[in-house]
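In: can't give you the sequence, but here's the structure:
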């Protein structure tokens, strides 16, 4: 609502990069879009803007709820969690494709442990030096610009 071009993916054109919109609730659609973007980037063709249309289960900021005027009803959020959670939806796809519950349980345990280790590593790692901020940016910073 704050921009003349409501299709966010089309805004990428203004930066000279492709943009694509995918169903962010569809794990396969997100994977395929990301795989294409990674292939482009590794081929030296630059970044891709991926707009994953999705439903945010939690608020992006604390305190958005106005007393007497909920941002979203509990019923709405619960229905999306029940019917549209990408993890739950993809779990169903995997079961339909023949992966059994025990295999999924093992995968879930492995992923949970990998995330715990990644968090542990991140918390133990030194903060990046400010001068490394522009490293790996698509374009060079504007001379004289301050952050």
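Out: Arrived safely, thanks for sending. Model, not experiment: these values are computed from the prediction.

In: that's a strand at residue 50, yeah?
Out: Yes: under the criterion used here (DSSP: H, G, I helix; E, B strand; the rest coil), residue 50 sits inside a strand.

In: residue contacts, it?
Out: Neighbour list for residue 50: 19, 20, 22, 30, 33, 34, 37 [criterion: C-beta atoms under 8 Å, 6 or more residues apart in numbering]. C-betas here are computed from N, CA, C, even on glycine.

In: Among the residues you listed, which one lies nearest to residue 126?
Out: Checking the contacts of residue 50 against residue 126 by C-beta to C-beta gives residue 34 as the nearest, at 28.7 Å.

In: How about the backbone phi and psi for that closest one?
Out: phi -70, psi -40 (degrees, to the nearest 10).

In: so what's the closest residue to it other than its chain neighbours bridging to?
Out: With sequence-adjacent residues excluded and distances taken as C-beta to C-beta, 6 or more residues apart in numbering, residue 34 is closest to residue 50, at 6.5 Å. Residue 50 has these beta-bridge partners by DSSP bridges: residue 20.

In: How about the residue sitting nearest the centre point of the chain: what's its closest non-neighbour residue?
Out: By C-alpha atoms, centre = their mean, the chain has its centre lying nearest to residue 52, at 7.0 Å. Closest residue to residue 52 apart from its sequence neighbours, by C-beta to C-beta, 6+ apart: residue 24 at 3.2 Å.
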